[in-house]
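Peer 1: predicted model and sequence follow; I will ask about them next.
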4 protein chains.
Amino acid sequence: MTTFGESHGPAMGGVIDGMPAGVSIDMDRLQRFVNRRRPGQTAGASARDEKDKVEILSGLWQGKTLGTPIGFVVRNTDARSADYEGIAACYRPNHADFTWEAKYGIRDPRGGGRASARETVARVVAGGIALQALQSLGITVSATIERVGKATSDFEQEMASAASQGDTLGGVISCKVCNVPVGLGEPAYGKLHAQLAAAMMSIPSVHGFEYGDGFGMASCRGSEVMDVFEKRADGTVGTSANHSGGIQGGISNGEDITMRIAFKPVPTLMRDVPTIDRDGNPVTLAARGRHDVCVINRALPVVESMAALVILDNYLIRKTNVL
Amino acid sequence: MTTFGESHGPAMGGVIDGMPAGVSIDMDRLQRFVNRRRPGQTAGASARDEKDKVEILSGLWQGKTLGTPIGFVVRNTDARSADYEGIAACYRPNHADFTWEAKYGIRDPRGGGRASARETVARVVAGGIALQALQSLGITVSATIERVGKATSDFEQEMASAASQGDTLGGVISCKVCNVPVGLGEPAYGKLHAQLAAAMMSIPSVHGFEYGDGFGMASCRGSEVMDVFEKRADGTVGTSANHSGGIQGGISNGEDITMRIAFKPVPTLMRDVPTIDRDGNPVTLAARGRHDVCVINRALPVVESMAALVILDNYLIRKTNVL
Amino acid sequence: MTTFGESHGPAMGGVIDGMPAGVSIDMDRLQRFVNRRRPGQTAGASARDEKDKVEILSGLWQGKTLGTPIGFVVRNTDARSADYEGIAACYRPNHADFTWEAKYGIRDPRGGGRASARETVARVVAGGIALQALQSLGITVSATIERVGKATSDFEQEMASAASQGDTLGGVISCKVCNVPVGLGEPAYGKLHAQLAAAMMSIPSVHGFEYGDGFGMASCRGSEVMDVFEKRADGTVGTSANHSGGIQGGISNGEDITMRIAFKPVPTLMRDVPTIDRDGNPVTLAARGRHDVCVINRALPVVESMAALVILDNYLIRKTNVL
Amino acid sequence: MTTFGESHGPAMGGVIDGMPAGVSIDMDRLQRFVNRRRPGQTAGASARDEKDKVEILSGLWQGKTLGTPIGFVVRNTDARSADYEGIAACYRPNHADFTWEAKYGIRDPRGGGRASARETVARVVAGGIALQALQSLGITVSATIERVGKATSDFEQEMASAASQGDTLGGVISCKVCNVPVGLGEPAYGKLHAQLAAAMMSIPSVHGFEYGDGFGMASCRGSEVMDVFEKRADGTVGTSANHSGGIQGGISNGEDITMRIAFKPVPTLMRDVPTIDRDGNPVTLAARGRHDVCVINRALPVVESMAALVILDNYLIRKTNVL
């Protein structure tokens, strides 16, 4: 997958290379999946209405993939760039303004430009297609919210509380992939969990990744986290527990793949915040624009998408392990 | 970097492509760095003596890199394959025996074959060279042990305790990279922290990665984790705090890069453990071979190596951001 | 560069990743360059009018590159798919119909689908941008027609002659890159000429590539093709001749890079041709659709584009040869 | 495949990643294949005796591939570096001395260092392994000499004649791959012939590549080079002729793949030749060292190796075209 697009440019889009031929794609289902990350869908999400209509430009014909690159665009229809004029010369804290400008010497300040989380719309288009391919193989991916800020339930109340103070929240998403064939993942540098980590850490705002028992495993003794092999009634080999999160030695073992992804709080507060401008002068950023208090809801299909892309890739590569 | 080698084959080795020309390499310093991951160096480490003499086969001439691929080997001199004969037909719990065999239909059972952590010797050779290149640029990398099992100090005592019960331990390593130039990292899929995550998760036994405040950030409000920009006396731009761990929008901001890596407990216990053999029959694995109670000590140079390789790569790629 | 698009789908397009930031792009000049490959421009070209209006969707802001991916589309506006209905179940000789169908099990028959040379419109968009970047560095790329069929001059007459017989022509294009810095190209597998060969051979209909004296060199003695080094008045090192075509050991030496590219005749004749259908039954394909007698004119900007993309890539990579 | 090694360093070597598991490798056959490129084997070859004993360090176990990286080295045992001392500060014409030094600022002058054709020993090791894998699939690769200098027969006489004058020769090799399955090759940028071209052009001294009727096709009319499809007695689809060289639209069509590769004359003459030194002063290089009059004989297994590596790669990738 290759993607492009700035938040307030004409469109976001991308190209999916290497999608197998002959896979049926249900465009309605794809659009509904993409809609899940739209703002304005749920409590805690911004009111910006982008429509996010997916336009497939190639690679599909008569409802099936051709094996050729799938090009697609999603137009940016609700961009109010004027909202951002005041901040073009400032570096918003915990945003990418400073680093992008330092790196490239130039920066599109409108809506965060390429650094905006709007970029993830291209991921859910590609991911939605990958998910349909996986589903035809019986493989399912599902992400759920585990934590919003300090709350492990009553998420809407926690968001209302933060919003009332002009503050924002992060959270943790857990993701599970079921019915994964044994043998996916490359054993040394392309370990399945290393690929999943890179995929998840590439989602804006993600600060942590773990699989199986993760960081908790570091505090356990070996005898406490053993996944003992057993032969099952259906003749397959399984494990009695799943501390390993479905991956051993970087390769899927057939158990559910489990992982957790940590998101930092939304960096844009609805309060005045101090910063400096391009010349180093202190300035105060007044709260403006339309921003989420918490992105966790909208991030669910993004997490599922990144998981699906990695699993499908490895499903295909796995075919090359023998002549 | 490309590496090769099975634990009990003739040698481990690798090739470093793309190392810049004209970098002075001190072979004594490199060997001392590689020795840091040798067993038998510290409490909690196995007594296997591998010598791990680095032999550089190309790419260096008169003490400097030529810009050509650096090929190297480290011979396996102390392999007692007979130790493993009994387990060739069994799947050790939490090891890669089952997944490798399922994936490839064939498996070198001696010492875990390619899945052995012995593979990391190639990483420290490559990493040690990368570290010398970084040091010539003033960039430093240092990893420290933060936790061994449940202990955050008295690590040797914790290891002795586990060993006395035939049990094993995991732990957490924190790693810091200092004096990183602003602008390293690709902003979308090649975010600097995504690359670091993939690199760390590719180390055997790693189950979690976070940077900056990591998972802890998910429980904070936005106002609690702001890294406010400020102009420093020397004219550079910095941040008042470093919750972001030196990376914003996937790009280094000049602050220290901080990250934490979680290792699971060593999977091989010094106790009898139940499992099944290739035919699905239950068997008991008796404790055998020479194994670490905890790999955290030996993993320190491996973590530093992976960090160094990623940072050096991005230092070079960053040169291509402008014409 | 990644591209997508079927000949008679909604659009062709692509994404350019890694374009340096801050490069000024003149959109008028880009459109004029793209127009050079349009049909209906010159003798021997088809009358199909596609307009080929380039729409940039990202990566440019206020006339300069942002360093972000440049996404673009070119709409397909003149597709008469009905022209192709009769041939959907047949394999046209010397076309990709049979191989695509065998490979993917599915094929978009309209206008050759993805296999159509219409795909090259995306190459000239990307190439046109690369050329502007190169020109800002003083590097120029120019392709000229050396041969059309058996003619080395009077090209229009040769095309008229072939057309009158319902026949088609191929030809040879020579391409020269001037003011190339010394040191571009990777010495073993990424030799500059190997990259150029792959780029040129990826253009539809190309059957041969050579650089410098090429195939002719194979018939010479070593003493006849020596490029003797000499120190020039301006202090630079040059060669007295340029049999090597500006590349030695896979690396540019500062002389003009010269190469020749051979195109096969257009495979679609304006005559009846025999073939078989999907079931193996013999059928006769009647001449239909609008086709070029010879693509050499339209291929000139495609050749320049592929050369520009390779040279710019290597210009950037060359920056990483030293710390 | 990744390779390393300087001509007069300790060893040449490489790593083959992605070789499928379970392939039987006959080491004697591999060594005999590697010996075919050794000097001193045939008329026109140098007398340097390198032995070229292949040492496999990983990836093979009990005669079969493990699916893990295959690391290997070939020691340099007959290096007489003193032969090259006089030329360290000079740029030999048509060699890579000048370009390497300009690129990297440093250069191993002994025997051409990494730029030496000795590098191809690593290619024949990897290629010999790929060939055995292909042979188990029934696919064969064979290269033959088509031309040595101006001679299309009496090759030894032509070489003796050139040698007697202290001169050198190039030539043309033709290569054929038989029993290739339909469907190999990626249709746009990874066309099978584009990959073959890049592979062949990466061999030292190669200046031209063509497939099928190649450059000759550019002088033909479309009606003269038609490969008409026909259904064969065995039910498969074939073509009546093979002007296309077994590849249509970048994808193999099941016919023999045919290609021709042009080699320039050996650049080192056994005569005095003029050049300049590092400071630009004119100097005369006296004939020294041991050099081939013509490399065509020794290049045969190199050409077969590169073809085998490309075909095997595409054989594996082709498995991913459908789910």
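Peer 2: Thanks, I have the structure now.
Peer 1: what's stretch A:21-31 in contact with?
Peer 2: The list of residues contacting stretch A:21-31 from outside it, by CB atoms under 8 Å, 6 or more residues apart in numbering or on different chains, reads A:53-54, A:56, A:60, A:63-67, A:125, A:128-129, A:132-133, A:136, C:103-106, D:321-323. Where you see a C-beta, it was placed from the backbone N, CA and C, and this is true even at glycine.
Peer 1: contact residues of the stretch 51-200 of chain A facing chain D?
Peer 2: Within the stretch 51-200 of chain A, the positions near chain D by CB under 8 Å from any CB of the partner chain are A:67-69, A:133, A:136-137, A:187-188.
Peer 1: please read the previous query as pertaining to the stretch 201-323 of chain A.
Peer 2: Residues of the stretch 201-323 of chain A lying near chain D by CB under 8 Å from any CB: A:315-317, A:319-323.
Peer 1: any quick ChimeraX command for the buried ones out of those residues?
Peer 2: Burial among these is assessed by 16 or more other CB atoms under 10 Å in any protein chain shown; the matching ChimeraX selection reads:
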select /A:315,316,317,320,321,322,323
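Peer 1: got CSV for the residues of the stretch 201-323 of chain A next to chain D, with distance to C:Pro282 too?
Peer 2: Formatted as CSV, those follow (distance: CB to CB, whole Å):
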residue, distance to C:Pro282
A:Tyr315, 41
A:Leu316, 38
A:Ile317, 41
A:Lys319, 36
A:Thr320, 38
A:Asn321, 42
A:Val322, 40
A:Leu323, 36
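Peer 1: before we move on, back to that, now, the contacts of stretch A:21-31 that are in helices?
Peer 2: Under the assignment DSSP state H, those contribute A:125, A:128-129, A:132-133, A:136, C:103-104 to helices.
Peer 1: which residues of the stretch 201-323 of chain A fall in strands?
Peer 2: A:206-211, A:229-231, A:237-239, A:247-248, A:251-252, A:257-263, A:273-276, A:282-285 (DSSP state E, counting those that start in this stretch).
Peer 1: give me the buried subset of the ones in helices among the contacts of stretch A:21-31.
Peer 2: Buried by 16+ other CB under 10 Å: A:125, A:128-129, A:132-133, C:103-104, out of those.
Peer 1: ok, so of these, who is nearest D:Ser240?
Peer 2: Nearest to D:Ser240 among these: C:Lys103, at 21.6 Å, using CB to CB.
Peer 1: list the contacts of that closest one.
Peer 2: Taking CB under 8 Å, 6+ apart as the criterion, C:Lys103 is in contact with A:21, A:67, D:182-183, D:187, D:251, D:318, D:321.
Peer 1: ok, those vs chain B, which is closest?
Peer 2: Nearest to chain B among the contacts of C:Lys103: D:Arg318, at 19.8 Å, using CB to the nearest CB.
Peer 1: pretty sure that closest one contacts D:Pro181?
Peer 2: Yes. Using CB atoms under 8 Å, D:Arg318 and D:Pro181 qualify as a contacting pair, with a distance of 7.3 Å.
Peer 1: between those two, which one's more packed in?
Peer 2: D:Arg318 (20 against 16; other CB atoms under 10 Å in any protein chain shown).
Peer 1: give me the pLDDT for that one.
Peer 2: Looking at D:Arg318, its pLDDT reads 97.
Peer 1: so who does it touch?
Peer 2: C:103, D:181, D:183-184.
Peer 1: closest one of those to chain A?
Peer 2: Among the contacts of D:Arg318, and counting by CB to the nearest CB, the member closest to chain A is C:Lys103, at 7.1 Å.
Peer 1: does the residue nearest to that closest one when sequence neighbours are not counted count as helix, strand or coil?
Peer 2: Excluding its sequence neighbours, the residue lying closest to C:Lys103 (CB to CB, 6 or more residues apart in numbering or on different chains) is D:Gly183, at 3.8 Å. Of the three states, D:Gly183 takes coil under DSSP: H, G, I helix; E, B strand; the rest coil.
Peer 1: what's the neighbour count on D:Gly183?
Peer 2: 21.
Peer 1: again with A:Asp313
Peer 2: By other CB under 10 Å, neighbour count at A:Asp313 equals 18.
Peer 1: residue contacts, it?
Peer 2: Neighbour list for A:Asp313: A:18, A:195 [criterion: CB under 8 Å, 6+ apart].
Peer 1: one step back: any chance of the residues of the stretch 201-323 of chain A next to chain D in a markdown table, with distance to chain C too?
Peer 2: As requested, those are exported to a markdown table (distance: CB to the nearest CB, whole Å):
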| residue | distance to chain C |
| --- | --- |
| A:Tyr315 | 18 |
| A:Leu316 | 14 |
| A:Ile317 | 18 |
| A:Lys319 | 15 |
| A:Thr320 | 16 |
| A:Asn321 | 21 |
| A:Val322 | 20 |
| A:Leu323 | 19 |
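Peer 1: and the residues of the stretch 201-323 of chain A next to chain D, which two are the farthest apart?
Peer 2: A:Tyr315 and A:Leu323 (18.3 Å).
Peer 1: just the pLDDT for the closest residue to A:Pro69 other than its chain neighbours.
Peer 2: Here the nearest residue to A:Pro69 in space, its sequence neighbours aside, is C:Phe4; by CB to CB, 6+ apart that works out to 3.8 Å. Looking at C:Phe4, its pLDDT is 95.
Peer 1: contacts only, for A:Gln132.
Peer 2: A:23-26, A:29-30.
Peer 1: go through those residues and say which is closest to chain D.
Peer 2: A:Val23 (6.2 Å).
Peer 1: now the helices for chain A?
Peer 2: Shown for chain A, the helices assigned by DSSP H span residues A:27-35, A:97-104, A:120-136, A:155-164, A:192-201, A:214-217, A:296-318.
Peer 1: pick the most deeply packed of these.
Peer 2: Per-stretch averages of neighbours, counted by mean count of other CB atoms under 10 Å in any protein chain shown, single out helix A:192-201 among those, with a mean of 28.
Peer 1: which strands and helices sit next to that helix?
Peer 2: Applying 3 or more CB pairs under 8 Å, 6 or more residues apart in numbering or on different chains; DSSP states H and E, one finds that helix A:192-201 contacts strand A:206-211, strand A:257-263, helix A:296-318, helix B:192-201, strand B:206-211.
Peer 1: so what touches the fourth one?
Peer 2: Defining contact as CB under 8 Å, 6+ apart, one finds that helix B:192-201 is touched by A:189, A:191, A:193-195, A:197-199, A:201-202, A:207, A:209, B:184-186, B:206, B:209, B:211, B:245, B:247, B:250-252, B:257, B:259, B:261, B:303, B:306-307, B:309-310, B:313-314.
Peer 1: just how off-centre is that helix within its chain?
Peer 2: In terms of CA atoms, centre = their mean, to the nearest Å, the centre of helix B:192-201 is found 11 Å from the chain centre.
Peer 1: compute the inter-axis angle for that helix and helix B:120-136.
Peer 2: Angle of helix B:192-201 versus helix B:120-136, following axes from the mean of the first three to the mean of the last three CA atoms, to 10 degrees, is 140 degrees.
Peer 1: do the first one as well
Peer 2: Using the same axes, to 10 degrees, one finds that strand A:206-211 and helix B:120-136 are set 160 degrees apart in direction.
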